[in-house]
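K.L.:
generate coordinates for the sequence data below:
(chains A, B, C, D, E and F)
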Amino acid sequence: MTLHLFYFLSFLAILCALMVVLEKNPVHSVLYLVVTFFAIAGHYILLNAQFLAAVHIIVYAGAIMVLFLFVIMLLNLNKESEFHKNNYVKGAAVIAGGLLLVILVGALKGTASLPAPEASVGEIGLVENLGQVLFKQFLLPFEIASLLFLSAMVGAVMLGKRDTK
Amino acid sequence: MITLLLILFPILAGLLVLVSGNALAKKIAFSASIIELAISAFALSQFRINDTAQFMCNAPWIPSLGIHFKVAMDGISILLVLLTTVLVPLIILSRPSPTLPEGKGALSPSGRVGEGSFYFMVLFMQSALIGVFTSMDGFLFYIFWELALIPIWFICLLWGGEDRARITFKFFAYTLAGSLLMLVALVYVYLQTPLSLGEGPGVRSFDIQSLYEAGASLSSAEQTWIFWALFIAFAIKMPVFPFHTWQPDTYTNAPTQGTMLLSGIMLKMGTYGLIRWLLPMAPLGVQEWGNTAMILSIVGILYASVIAIMQKDFKRLIAYSSIAHVGLISAGIFSLTVQGLQGGMMQMLAHGINVVGLFFVVDILFNRTNTSEIPKLGGIRNITPWFATLFMVVLLGSVALPLTNGFVGEFLLLNGIYQYDAGMAAFAGLTVILGAVYMFRGYQKIMLGETNSLTSAFTDLTFNEKAVLIPIVILIIAMGVYPKPVLDIAEPAVMRILNIIHP
Amino acid sequence: MQTEIIYKSILALAVFGITLFIAMYSTYAERKIAAFLQDRLGPNRAGPFGILQPLADGVKMFMKEEMIPEVSNKFLFILGPSIAMLTCLMTGAVIPWGSSITIAGNEYSLQVADINIGILYLLGVTSVGVYGIMIGGWASNNKFSLLGAIRASSQMISYEIGMGLSIIALIMTTGTLSIGEIAAQQHGGHWNVFYQPLGFLIFIVCAFAETNRAPFDLPECESELVGGYHTEYSSMKLGFYLFAEYINMFISSAVIATLYFGGYNMPFIGRFIQDPNALAIIGSVFLFCKIFFFIFLFMWVRWTLPRFRYDQLMNLGWKGLLPLAILNIAITGIVMWFTGKIN
Amino acid sequence: MKILYILTGLGVLAMLAEIFRFKKFLFPKVLLGLLLAIAAAVWDWNTNIHYYNNMLTFDNYALLFSIVICATAFLWVLSSQDFFSNASNQTDYYALSLFALCGAVIMVSYTNLLMLFLGIEILSIPIYVLAGSRKDDLSSNESALKYFLMGAFATGFLLFGITLVYGACGTFDLGVLGTYIGSPESITSWRGPGGETLLFAGILLILIGMSFKVAAVPFHFWTPDVYQGAPTPVTAFMSTIVKTAAFAAFLRLFMSCFVGYASLWNDIIWTLAALSILLGNITAVYQSNVKRMLAYSGISHAGYMMLAILTSGDMSSGAVLYYSAAYSVASIGAFAVLAIVEQHTPSLPSPKGKEEGVQPSPFGTAGGRERSSGGGGIDSFTGLSKRNPLLAFSMTISMLSLAGIPPLAGFFGKYYLFSSALQSGYVWLVLIAVLGSLIGVYYYLKVIIKIYSPPQPSQRDGDESSKLLSFGQPKVASEALGWSITILIFLTIALSLLLGIFPDLIIRLI
Amino acid sequence: MSSIQTIHINLYILLSSVLFCIGVMGVLFRRNVIIVFMSIELMLNAINLLLVAFSSYWNDPSGQIFVFFVMVVAAAEVAVGLAILIMIYRNTGTTDINVLNKLKG
Amino acid sequence: MQSLTNRSKVVGSTKMTLMESIYLPAILNGMMITIKHFFRKKATIQYPEVKREFAPVYRGMHVLKRDENGAERCTACGLCAVACPAEAITMTSAERKPGEEKLFREEKYASTYEINMLRCIFCGDCEDACPKESIFLTDRLVPSDSLRQRFVYGKDLLVEPMEENKRIDISKRQTKEVLEFKKNKELQHNKLIE
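P.N.:
Presented below is the predicted three-dimensional model:
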């Protein structure tokens, strides 16, 4: 059952990911990506990371992709305005990506021999657990992330607003 | 301490020149160089002939890398230091003061880079050169070596002729390439020096002695590398065929004072390097490949002489003759005999003095007639007795007539080469004949014959010019007549080096 | 296990049905309340007091001609309202409609799924809800629709932040993300609204904005955008959008009631009735009373306050509610620290 | 850690300045703050404290690099006063660059891969923005976008690598990772060959990601465009502070962690370094735009610094530290002069770029004078020695230092790197590097020669554009230079010399 | 019951690799900046998935914490990236990468 | 301008106080107002079943009266058309043929009489002008229609039916005062108002 679910979700994720890349219309790409995200969220739930799954949906599907969609609509990019790269570039891109894939898969095929994990002790994906770790062990990165956000915010506002002169 | 003073004094004086106005610059610079000369003379007077490195100043500079600020003088060093301190005042004096009308392309067209900068460069250069000749630390040597390049490059760039951008670049690139090779070789040898555990964790040493030892301990293959790296570096500087292509252009294009510095002193850096660094550091390499180097040098002699004969431009002619002379020195040094090395030392000094004289002659010619092409000139002897005489003496020195300084050197060199290989000596000996050919032909065309429109207005030497040429002539003759002190001073040092090579 | 699944299916269906029913009658209520607030009577022809009006509306919706604009993207055009409907129906799953009922010794919870991150689930689903509007508005290929969609998305993103932050303060006091537990904790009159008045205020304002209700109904404001994102929609697809809005309103009311007003807890009722089943049912009824009140509030506000201007909307969201929510968190933290709840 | 507090506080202060209107005093305050940060770092000397569960460790390595970064930032701020004060949102610029500095400090002091990742991002994001800070200038926009895309792309690789390493070892902590990786038997015995594969792939991907960040060939292609398009002060920031931080991070990771598998990545870094040195230098020769040339030279400098990673010995951290300090000082000097020259060069519509010229560039106070792509051509340096000897001298020193001419600082940087590489037996690589630096001399000298050559007389009576060049070129007089620039110029010259003459001041510290 | 006990970690690794490579291809393949951005998001998600899988495998929450930070960074990056995009769109009226070819040399 | 009612409030851009800028009191205030209306009596009238009372002076659709014998009163004098400010009335006159005395009261009658109801403004001037007490405005409504031409009402719609029980009551418009007023030919129409 779990395995079937895994295969289904994987298939969905890969298919939609491919469609993201191949689809001409940006809006469709966004929607495919959202579906991919849902598939990945499904994987999270399979992996017992429910909290992460929810956060994933909220952040990615709920905020980031909406932002994408928002920008696409704001800029009115629904026209398939993309004139095509010449075939050399495309071919090169496909070959490069494909090579990377082949290399990665080839390299990581060896991981099939990894031993099975020890039986899990507790539910690490639970909020309480994650919170403990986040606010004890990873307190500094958490605080530092605020710096990141601050600068991103300042930057985005600076770039986004029109000069008033 | 005197060594340190010798090194530091010119640069401090140079700074003073830099801040003083254009009018005062030459005066200050000249007096500084005279003082410097006096200091070196004092050093000479204190010099003990049989001692090893004297006037040592040794201070840790970069302890973590075992680099010391170690300067000292032995016989070889002090001679070259003297050469420097003697020539620099002459060179400074030889520069026309700014009130003189500017020669075409001879002065920087920019008014802002003034005379002060020029003299600063010269003094800076002097300082670096003395540093090169006295440093007893491989790294320090390299630093001074490079340091000497910068002022001369700027002199060529700022006060050079029409095509200076390209030519100075070529010059710089060549010498830098050589010196980088040298650096690699030095570092390589340095890494072979034993770790001295005394000063912190594992510090090696750049000290000349340890470099000698480390170099000698290397395998013959490694030494071959070291040998070639160093040889190419020095060969470029001298220059030895086939690394010479930068030289004629640069000599022609640089302002005369720059050419004097280049040929009179800077060239000696290369030959000095051969003696001081190459021979002791890679003895096996020298034994294996010295032959090749020698052949190169002799090929260079012939090649340069032949080319010199075909030159129309007198300045270019002297440039090629310089290659020929240096080739001879190099060949003599690689003969690894006492005579060869001694002759090399002697010839270094002689060539330095002569070539400065010759270039000054060219400068005089050029300033008066605006050309240095031999066919255009002629008949100058008829109107300028002083000039003709002094020119003749310098020329004689250059073609190594007996009783001039050139003779002593060339004789010793040829002697050394002969001991090494008679056939080579035969070829090397051609230099004397060929030298006489091109020199005298040049003199004949320029000075003798009919006075033409260009030369008719040729005035005789001014006081300043005499003040430059007369000391040169005196030196030429003095050293030719009585070379013993020079040879005496050099001998112990030369012997020491030879001892390292043939233990 | 088997019975559990069957029971849960039944419960889910029931919730589904009730939700639809309430949404249906919300349309009726909206019109009635609007009428009453405006000294009118409202629909009263279909059935007694117009009680059958929603049915008539439904029939009308189904009967109307279906129109899909020629140049629009047909799949997305249909997908839009479907997503809107789907997401709003999904939210009902985590709300505890009452405590548990015991039948034949088995305890049956009146909550479809008590997942431990219920609040996040709610936030996630509502955040996905915006796709319905955006896709619909975009696929209509109509500038009014597009404007409405853009407004909707920016508005929803903006207010989601305030909402999330206000909930965080609540989570701090309750210490759990499970809605069932939050409801249970408010037993005995300890309603969260007393502890989180500011949070409640922020939450309710954000809830208004999230459901696109007046005064935040910019995405569809009829006077400027001719209906906004659903300008091009007709028949049942329009019905879906409208329905979705009412369902959202219902769920929002339910969430407000549950999070801040004790959910199914009725204070003091325990003194009079002991039977747990009866208590559960009364609790549920009480919960629905609260929900109805909030639905009423939604409508009441709609007919009281004028619509915001777009910049006012953004100002309120970013410069008003967001700092307030953060302030609220800070205050909550400080108070909790002083009262020794955290150390 | 104090240094981080100070920098963060400074950044926030800069933002507050907008609200409380003390913008005017921000410049000295920031300078003072940076000095304070340096002082704080010195204060922490030799304490070697691990902060927050070993997220950051301020050992001497971190402190020294922090000091270098802050000092560079100090010079940078001095050099870009114009950039700040002419901008309408100068407080944002200050805040962003200070936050970027925080990122840089985190990058040099991390001991957890998570902090590395965060540090990189905190450094990068403000730079993306700053690169695009000339909003109306298309080339600035392009630069921002390209930098952003490449940055994000590289982050992807880096993260994937980190993930795989995590998969192999189950931790992000550098110390733990180091002990795992350091004992190969532990991996093969209880994780099997699969774990090793993961680790290999992870290390390689991290390597790729970091190579992107330090702009090593073949992951360099974004650099020239980004450097050229960004406003010159930002380019200066990118090529100095960012590069220093990236290399410090790179070195820390590979030296302390992955050194156990050095055989795996040594050859790759060897190749990368050789390629970077050669390609960077050769391509730089063909550039006619000084900024672009500096970008390519930056690539080659990255190649040199990779030598240190290759050797990973005791010397290498000192070498990188010294090299980055020397390189930063010289670069800041060069970019400061470049910025001034750019400003005073009227942007010429090149014959090819007529259509570009049509687009008005309303940015800048003096009607499009700050076209980043307009100035910066090597010809704008012609005759600088006549116009402003001080600038000319400063540029000369910087160029010579970059070229590695003794006794300037750049020479010793190269020297340390080469000798440490030689020590580890990479003779061929050193030869390549030497060859590279020889090529490098060519283009650096090209600039100097331009500076000291008079304006071409043939151009004087040429067409309109050359007239602009020769006559329209306003005199860059030393009186026109602000006090901060003057101080900066003297500082860079002094530092270049001081570091060159007394390299032990820095080297011995580490 | 986590799926990691029934599904071998290898499968997750492969899945993530495939997704990651699709993202890489998208970055290289497409010219529309928005889609390039999305491809980068895809890469990050592949990474996240793998991190969670490993976190489950090692029974160690820090992997999941890392995912949070990746999300944080992704959000920040998107904000900045889209701001840049809008800025460019204002100036050029397009989001095609190849319009941006001012800087070539 | 002088305010007449003193109800208007002067609005300025003065800074709001804190209390005002919170808005909550104002909102609550507004909601109180609306909720008050919630409980008010509703004003709705269930139209077809219940009709709103007309005012006594309501002026609706016109009627052309017949006399007690059922003969049309109108003599096509045209005064109404002249009085009509909207020029909505047209008519053509005809001579009464013998044997038509039952149909028309006088020798001359209107063979057509048309009022354009779209133009008519229901001012009642025609009624005032009529010397024969023929045309009256009633409280009937003009029904809506979808065609313009159908709004031109002819005699078929205007003249009241013959049957006694279908006669249209106009007594409200013929009070004593009105009759009195009409008798006095010299009186100007607006005298009463004055």
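
K.L.:
which ones are touching whatever residue of the stretch 1-150 of chain C ends up closest to chain D?
P.N.:
Residue of the stretch 1-150 of chain C nearest chain D, by Cβ to the nearest Cβ: residue C:150 (22.2 Å). (C-beta placed from N, C-alpha, C; glycine too.) By Cβ atoms under 8 Å, 6 or more residues apart in numbering or on different chains, the residues touching residue C:150 are A:70, A:73-74, C:137.

K.L.:
buried among those residues? Make that a ChimeraX selection.
P.N.:
Entered in ChimeraX, the line below selects the buried ones among the contacts of residue C:150, by 16 or more other Cβ atoms under 10 Å in any protein chain shown:
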select /A:70,73 /C:137
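
K.L.:
can you redo the contacts of residue C:150 as a markdown table with secondary structure?
P.N.:
Below are these laid out as a markdown table (DSSP: H, G, I helix; E, B strand; the rest coil):
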| residue | secondary structure |
| --- | --- |
| A:70 | helix |
| A:73 | helix |
| A:74 | helix |
| C:137 | helix |
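
K.L.:
show me the two of the contacts of residue C:150 that sit farthest apart.
P.N.:
Pairwise distances across the contacts of residue C:150 (Cβ to Cβ) peak at 12.2 Å, for the pair A:74 and C:137.

K.L.:
model confidence over the longest helix out of those in chain C, on average?
P.N.:
Counting by DSSP state H, the longest helix found in chain C is helix C:2-37. Mean pLDDT, computed over helix C:2-37, is 86.

K.L.:
rewinding a little: between the contacts of residue C:150, which is nearest chain E?
P.N.:
Nearest member of the contacts of residue C:150 to chain E, counting by Cβ to the nearest Cβ, is residue A:74, at 7.5 Å.

K.L.:
which SSE is the closest residue to that closest one other than its chain neighbours in?
P.N.:
Setting aside the residues directly before and after it, residue A:74 is nearest to residue C:150 in space (Cβ to Cβ, 6 or more residues apart in numbering or on different chains), at 6.0 Å. Following DSSP states H and E, one finds residue C:150 within helix C:143-174.

K.L.:
how about residue B:347?
P.N.:
helix B:338-369.

K.L.:
buried set for that helix?
P.N.:
B:338-366, B:368-369.

K.L.:
how about the helix holding residue C:150: buried residues?
P.N.:
The neighbour-count check on helix C:143-174 (16+ other Cβ under 10 Å) flags C:144-174 as buried.

K.L.:
compute the inter-axis angle for whichever strand or helix holds residue C:254 and helix C:143-174.
P.N.:
Using DSSP H and E, the element containing residue C:254 is helix C:235-260. Relative orientation of helix C:235-260 versus helix C:143-174 (axes from the mean of the first three to the mean of the last three Cα atoms, to 10 degrees): 20 degrees.

K.L.:
tell me how far helix C:235-260 lies from the chain's centre.
P.N.:
Put simply, helix C:235-260 sits 5 Å off its chain's centre (Cα atoms, centre = their mean, to the nearest Å).

K.L.:
now do stretch F:86-99
P.N.:
Counting by Cα atoms, centre = their mean, stretch F:86-99 is centred 23 Å from the centre of its parent chain.

K.L.:
what's that stretch in contact with?
P.N.:
Residues outside stretch F:86-99 that contact it (Cβ under 8 Å, 6+ apart): F:74-76, F:78, F:80-81, F:103-104, F:106-117, F:119-121, F:123, F:126.

K.L.:
correct me if wrong, but residue D:213 is in a helix.
P.N.:
Yes. According to three-state DSSP, residue D:213 belongs to a helix.

K.L.:
give me the pLDDT for the spatially most central residue of chain F.
P.N.:
Nearest to the geometric centre of chain F sits residue F:59, at 2.2 Å (Cα atoms, centre = their mean). pLDDT for residue F:59: 86.

K.L.:
which residues of the stretch 1-150 of chain D lie near chain B?
P.N.:
Residues of the stretch 1-150 of chain D lying close to chain B by Cβ under 8 Å from any Cβ of the partner chain: none are found.

K.L.:
what about the strands in the stretch 1-150 of chain D?
P.N.:
Here the stretch 1-150 of chain D has its strands, by DSSP state E, counting those that start in this stretch, at D:49-51, D:56-58.

K.L.:
any low-confidence regions in chain E?
P.N.:
E:1-4, E:95, E:97-105 (pLDDT under 70).

K.L.:
the same query, at a cut-off of 80, please.
P.N.:
Where chain E drops to pLDDT under 80, the residues are E:1-7, E:29, E:31, E:92-105.

K.L.:
one step back: tell me the most buried of the strands of the stretch 1-150 of chain D?
P.N.:
Greatest average neighbour count among those goes to strand D:56-58 (a mean of 23), per mean count of other Cβ atoms under 10 Å in any protein chain shown.

K.L.:
quick check: which ranges of chain C have low pLDDT?
P.N.:
C:1-4, C:70-73, C:98-115, C:188-189, C:214, C:218-228, C:265-276, C:340-343.

K.L.:
list the contacts of the spatially closest residue to residue D:391 that is not a sequence neighbour.
P.N.:
With sequence-adjacent residues excluded and distances taken as Cβ to Cβ, 6+ apart, residue D:391 is closest to residue D:337, at 5.1 Å. Shown in contact with residue D:337 (Cβ under 8 Å, 6+ apart): D:391, D:394-395, D:398, D:489.
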